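**Q** Need coordinates for the below:
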Amino acid sequence: MKRLAEAAAGDLVWTRTARFSRAWELRSGDEVVASLTWPSTFSSRAVAVADGARWEFLREGTFRARVVLRDGAGGPEPARFERRFGGGGEIVFPDGRRLLWSRGGLIRSTWSFTTSDGFPVVTFSSELRWFRSIERLQIDETARSLSELPLLALVGWYLVILTRRNRAAR
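**A** The predicted structure follows:
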């Protein structure tokens with residue numbers, strides 16, 4: 001797998017591994033950069049892999065839902081995500097840094113992790129082309145050196161998928 005920081009300047013696209021699969025790959029051209037897989041159909045638990053690291057994500061709670069992020073190697077929790085009413089939220093790192101998760105765009109749906117002053121760090125966008133959705137990941141130049149970049153790319157996509165599943169269930 002190619003490292004995300006190396007691929008960040010190129011075109012990054014999330015694709016399903018098969019038509020009705022519960023597995024996604026982040027690709028830079030023909031190269032896989034990261035993967036996100038749901039081992040069970042009816043669970044919110046997902047396994048994420050990028051840059052030689054492995055994490056598990058799991059949604060907990062109903063009214064004050066949060067996403068638990070676990071280090072796949074049994075290390076300390078890399079961050080925690082707390083949802084806000086309306087789908088947004090924030091990711092909090094162990095050192096106290098925070099990034100906001102919010103929706104943007106009027107016509108096409110975009111989701112971003114931003115700084116507290118609204119500067120986009122990582123953005124997920126969807127565009128329809130020939131009856132097929134293209135799912136893009138854009139990484140700001142300043143974010144390419146962040147050690148948390150792979151985690152942000154995977155947690156963000158996990159949140160986008162959860163939001164879509166919730167909408168489809170209504």
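**Q** For this structure, give me the ranges with low pLDDT.
**A** Applying pLDDT under 70 to the chain flags the ranges 63-64, 105-108, 130-131, 166-170.
**Q** Which parts of it are helices?
**A** Listed in chain order, the helices of the chain (DSSP state H) span 4-7, 149-169.
**Q** Could you dump these into CSV with mean neighbour count and distance to A23 added?
**A** Placement of C-beta: from N, CA and C, glycine included. Output for the helices of the chain, formatted as CSV (neighbours: other C-beta atoms under 10 Å; distance: least, C-beta to C-beta, whole Å):
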stretch, mean neighbour count, distance to A23
helix 4-7, 19, 18
helix 149-169, 18, 11
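**Q** Next, work out how far apart G88 and W111 are.
**A** Remark: distance between G88 and W111 (C-beta to C-beta, to the nearest Å) = 9 Å.
**Q** can you check V33 too?
**A** Between V33 and W111 the computed distance is 19 Å (C-beta to C-beta).
**Q** can you put the helices of the chain in CSV and add distance to V122?
**A** CSV is the format used below for the helices of the chain (distance: least, C-beta to C-beta, whole Å):
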stretch, distance to V122
helix 4-7, 10
helix 149-169, 5
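**Q** out of the ones you listed, nearest to W55?
**A** Set against W55 and scored by C-beta to C-beta, the helices of the chain come closest in helix 149-169, at 6.6 Å.
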